[in-house]
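Asker: Model the following, please.
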Amino acid sequence: MSWTDQNEIMRFAKQMLDATGTSTPSENSMITQLASGAGVTYNVARDAYVKSVLDPLLQERVRKSMGWLINANFIPEFVNTQPLSSDLDEFTVPFDPSTLRPDGIEIPKHMFNLETDKLEDRIDQASAQYVILSHSWKGQEITYGFISKIKENLKKKEIYQMIQDDPNEDEEARRFARFQVKKYQHLEAGKSDIVLLRAQCTMDLQAQSKKIDMIQKRAGINADVRVLLAQLAGLKEAGWKQSQAKKARDKKKGELKSKEKAYEALKKEKKRTAPGDLETQNEIEGMDKLEAEIVQARTDLADAEKDLTKAGEEVEKATANCKTLDRDPQVRSAVDDLLPILERMKSVHKIESSISEAKRILETGLFPLKGRKNQYLWNDTCCINKADANELTESLAMMGQWYNNADFCLVHLDTPEWTEWLSTWDLPKQLPEANFDSFDKIKDPKWATRGWTLQELVLSKMTFYVNNLWKPLSRAAEGLGPYYYHCSYLKQHIRDTDIFSLPAKAKPLVEKVKELEKLMDTEDKVCSHNLW
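Answerer: I've put the predicted structure just below:
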C-alpha cells in the first residue's frame, strides 16, 4: 500500500468506521481525542468538556489537527443521523476547505515568493502555502532593511533616468541625474530581489577591492587582495579560537574549584559526624568518588591550559604574518571593511540556495497546494522588519505558531564558524568540503546548540535537512510528506482499543498501523517513488 497517496489514510479511516459501525464518538472518546490532540491530560480535557468552555489554544489545536487530517484531495461527507446536543456544537461548526490554512492564525507578513524570487510585503493569507528556513546566523546576514534599501535605490535610478532623458530639464540637473544613474547602474528594473541582492553585493565587493588597491598604491604596497584577506582572516580566526580556549579553560577551572570546595566541606563534616548519624555517613562515603572526579578535573584543566597556550602561539604566528597589513593602518582598515561585505555575499548564497531547495521539495508533490495559489519561504534574518519595534515584538510572539503552521521546515546544518571570509571569496570556483554526506552520519550538529532549535524542531510538522553545501540529507520518513505529522496522533488513537471498544472484525484494520511504521523505517519507500 502506498502511503504517499493522500487518499490512503482517508480510505483506512473509512474502513475503520465501517468496521466499528460507529458514526458518533462517545463522550469518553471525545474527551480522549481532545486530550491527545491538545497535548493535555485526560482530567484537564474532561473539565473543559464538562464546563463547555474550551481554552482558545486547545480549541485551535484540535481544530487545526483535525482539519489537516481530513483535508485531502476530496472532502468526504460525514452524516450523523443522531441529533447533537448543544454542548457539542462547538465541535461541529462547518468549515470551508479553502480556509483551513492558516485556520485563523496570522502568517508572516514578509516572505519570499518562490515563483518570482521577490520579498513580498502584502500576502493573501488564505491563498499562501509557506515553508520556513531554520539556520545559524553568521555575521552580517542580509536584513529586511538591506533589501528595502536596494529597492529604494532602484526607484531612485528610474527617477534619475527620467530626468536624464527629459530635454526640458536644465543641463546641471541632467548632469547630476547621469551621475546618479551611473551610481546605480548595477540595479536592473524587472529583476528579482535575489538578482538585485547578488548584483549589489558583487558591486560592493568590487568597489572595496578597488579601494584597497588604491590605498596600497599610495602606501607603496603591492599585494594581492586575497593575500591581505588571508592575513587578516588568519589573525581574526586565531583570536576567536583563543577566546574559545580561554572560555573552556575558565569553565574547567570553575568545575575543579567547585569539586574541591565540596570535598573540603565533606572532610570537615566527617570530623564532626557522630557514629550513629547514617544520613551524613552516606554522604561522606561518596568522598572516594568525588576524589576521583577531582583528579579527572585536574587532568581536564591541564589539557585546557595546553589548548589555551597553543591558541596563544597561533595568535602570535598570525600576528607575525600580518606585516604587510601593519605597514599602513588605512590598508588594515580597508580590508576590515571587506569582511562584512563577504558575510553578506554568503548570506545571499544562503537565501538563493534555500529558495532553490524549497522549490525542489515542493515539486515532488508531497505538499499539494489544496486550493492555495502561491508558495513562499520565510527566513528570520530578512523577513522581519527589525527597525519596527512593534513588528519585531509581534513576530517573536507569533514565531511558534508560524513554525507550527508551515508545511515543513528546511534545516541547514552549516558549519559553526562565522570566520569563513576566504571560502566565500573563493566561491564559486572552489567549494568547501561537505560536513555531512548522509543523514545517518550527522553527529553533534552545531545547529542543535541554538536556543531556537527546540521550538523549530518540535513545532514543525515535517523537517528536511541539508548539509553545509545544501545537498539533501534524506530520510525515509520524508516519503510520508504532510502525514508524518499525524503518525503519533493516529498511533495514539487507533491503538486505544479500550476506548473505542473495537469489535473483533476491526482488529485486523488496527494492526495495519504497524505496516505504516515499517514503511517509515525503510529506505525502500523513498527510493521506489524516485523522490530524490
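
Asker: Excluding chain neighbours, what is closest to G145?
Answerer: Closest residue to G145 apart from its sequence neighbours, by Cβ to Cβ, 6 or more residues apart in numbering: A387 at 5.7 Å. Glycine gets a C-beta too; all of them are placed from N, C-alpha and C.

Asker: what does R332 give?
Answerer: Nearest to R332 is L325, by Cβ to Cβ, 6+ apart, at 4.7 Å.

Asker: List the contacts of the one you found.
Answerer: L228, Q231, L232, V331, R332, V335 (Cβ atoms under 8 Å, 6 or more residues apart in numbering).

Asker: now S148
Answerer: So S148 contacts N385 (Cβ under 8 Å, 6+ apart).

Asker: where along the stretch 51-200 of the chain do the strands fall?
Answerer: With strands called from DSSP state E, counting those that start in this stretch, the stretch 51-200 of the chain shows them at 111-113, 118-120, 128-134.

Asker: got those strands as JSON lines, with mean neighbour count, mean pLDDT and distance to S347 columns?
Answerer: Formatted as JSON lines, the strands of the stretch 51-200 of the chain follow (neighbours: other Cβ atoms under 10 Å; pLDDT from 0 to 100; distance: least, Cβ to Cβ, whole Å):
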{"stretch": "strand 111-113", "mean neighbour count": "24", "mean pLDDT": "96", "distance to S347": "13"}
{"stretch": "strand 118-120", "mean neighbour count": "20", "mean pLDDT": "95", "distance to S347": "13"}
{"stretch": "strand 128-134", "mean neighbour count": "24", "mean pLDDT": "93", "distance to S347": "12"}
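
Asker: closest to Q161 out of these?
Answerer: strand 118-120 (21.2 Å; Cβ to Cβ).

Asker: worst-scoring helix or strand of the protein, pLDDT-wise?
Answerer: Taking mean pLDDT, DSSP states H and E as the measure, the chain has helix 524-528 as its least confident helix or strand, at a mean of 36.

Asker: Compile the strands of the stretch 51-200 of the chain into a markdown table and extend it with columns for distance to T463.
Answerer: Output for the strands of the stretch 51-200 of the chain, formatted as a markdown table (distance: least, Cβ to Cβ, whole Å):
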| stretch | distance to T463 |
| --- | --- |
| strand 111-113 | 19 |
| strand 118-120 | 24 |
| strand 128-134 | 8 |
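
Asker: closest one to H186 among these?
Answerer: strand 118-120 (17.8 Å).

Asker: And the closest one, what does it pack against?
Answerer: The contact analysis (3 or more Cβ pairs under 8 Å, 6 or more residues apart in numbering; DSSP states H and E) places strand 118-120 against strand 111-113.

Asker: The strand it packs on pairs with which strands?
Answerer: strand 118-120 (antiparallel), strand 374-378 (antiparallel) (DSSP bridges).

Asker: tell me which residues in the strand or helix carrying I355 are buried?
Answerer: I355 is part of helix 329-362 when elements are defined by DSSP states H and E. Buried positions in helix 329-362, judged by neighbour count with 16 or more other Cβ atoms under 10 Å: 331-332, 334-335, 338-339, 341-355, 357-358, 361-362.

Asker: Show the average pLDDT along it.
Answerer: The predicted model assigns helix 329-362 a mean pLDDT of 94.

Asker: Adding distance to I147, write the strands paired with strand 111-113 out as TSV.
Answerer: Shown next, in TSV, are the strands paired with strand 111-113 (distance: least, Cβ to Cβ, whole Å):
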stretch	distance to I147
strand 118-120	6
strand 374-378	14
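
Asker: and L154, which of those is closest to it?
Answerer: Here strand 118-120 is closest among the strands paired with strand 111-113 (Cβ to Cβ), at 12.0 Å.

Asker: Going along the chain, name the strands of the stretch 401-532 of the chain.
Answerer: Taking DSSP E, counting those that start in this stretch as the criterion, the stretch 401-532 of the chain carries its strands at 409-412, 463-466.

Asker: Of the ones you listed, flag the one that's most buried.
Answerer: By mean neighbour count, with neighbours taken as mean count of other Cβ atoms under 10 Å, strand 409-412 ranks first of the strands of the stretch 401-532 of the chain at a mean of 22.

Asker: Can you check what pLDDT the model gives the residue nearest to R332?
Answerer: 87.

Asker: List the buried residues of the helix or strand hosting it.
Answerer: L325 belongs to helix 323-326 when assigned by DSSP H and E. Neighbour-count burial for helix 323-326 flags T324, L325 (criterion: 16+ other Cβ under 10 Å).

Asker: for the protein, longest helix please?
Answerer: helix 225-272 (DSSP state H).

Asker: Let me know the angle separating it from helix 329-362.
Answerer: Put simply, helix 225-272 runs at 80 degrees to helix 329-362, going by axes from the mean of the first three to the mean of the last three Cα atoms, to 10 degrees.

Asker: Start the count at 359 instead of 1 going forward.
Answerer: Got it, the first residue is 359 from now on, which makes the last one we talked about helix 583-630.

Asker: Report all helices and strands that helix 583-630 contacts.
Answerer: Helix 583-630 packs on helix 551-577, helix 636-643, helix 645-678, helix 681-684, helix 687-720, helix 779-784, going by 3+ Cβ pairs under 8 Å, 6+ apart.

Asker: Give me the angle between it and helix 645-678.
Answerer: 160 degrees.

Asker: average pLDDT across helix 583-630?
Answerer: Per-residue scores along helix 583-630 average to 89.

Asker: got the angle for it vs helix 551-577?
Answerer: Counting by the same axes, to 10 degrees, helix 583-630 lies at 100 degrees to helix 551-577.

Asker: Identify the bridge partners of F822.
Answerer: L768.

Asker: what's near enough to touch it?
Answerer: E715, I719, F766, C767, L768, V769, P830, E836.

Asker: mind redoing it with 10 Å?
Answerer: F822 is in contact with 489, 715-716, 718-719, 724, 766-769, 830-833, 836, counting by Cβ atoms under 10 Å, 6 or more residues apart in numbering.

Asker: K605: which of these is nearest?
Answerer: Nearest to K605 among these, with distances taken as Cβ to Cβ, is V769, at 26.7 Å.

Asker: Enumerate every residue touching the closest one.
Answerer: Contacts of V769 (Cβ under 10 Å, 6+ apart): 490-493, 803, 805-806, 811, 814-815, 818, 821-824, 831.

Asker: Just give me the closest of those to L554.
Answerer: Among the contacts of V769, and counting by Cβ to Cβ, the member closest to L554 is L491, at 19.5 Å.

Asker: Could you say which one of the strands paired with strand 469-471 comes nearest to L555?
Answerer: strand 476-478 (9.4 Å).

Asker: what does the closest one rub up against?
Answerer: For strand 476-478, using Cβ under 10 Å, 6+ apart, the contacting residues are 467-471, 486, 500, 502, 505-506, 509, 549-555, 709, 732, 734-735, 737, 740-741.

Asker: Mind checking which of these are buried?
Answerer: With burial judged by 16+ other Cβ under 10 Å, the buried subset of the contacts of strand 476-478 is 467-471, 486, 500, 502, 505-506, 550-552, 554-555, 709, 732, 734-735, 737, 740-741.

Asker: In CSV, list the contacts of L683 along with distance to V653.
Answerer: Converted to CSV, the contacts of L683 look like this (distance: Cβ to Cβ, whole Å):
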residue, distance to V653
L586, 48
Q589, 43
L590, 43
V689, 51
R690, 47
V693, 48
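
Asker: How about the contacts made by C767?
Answerer: Contacts of C767 (Cβ under 10 Å, 6+ apart): 489-492, 736, 761, 814-815, 817-823.
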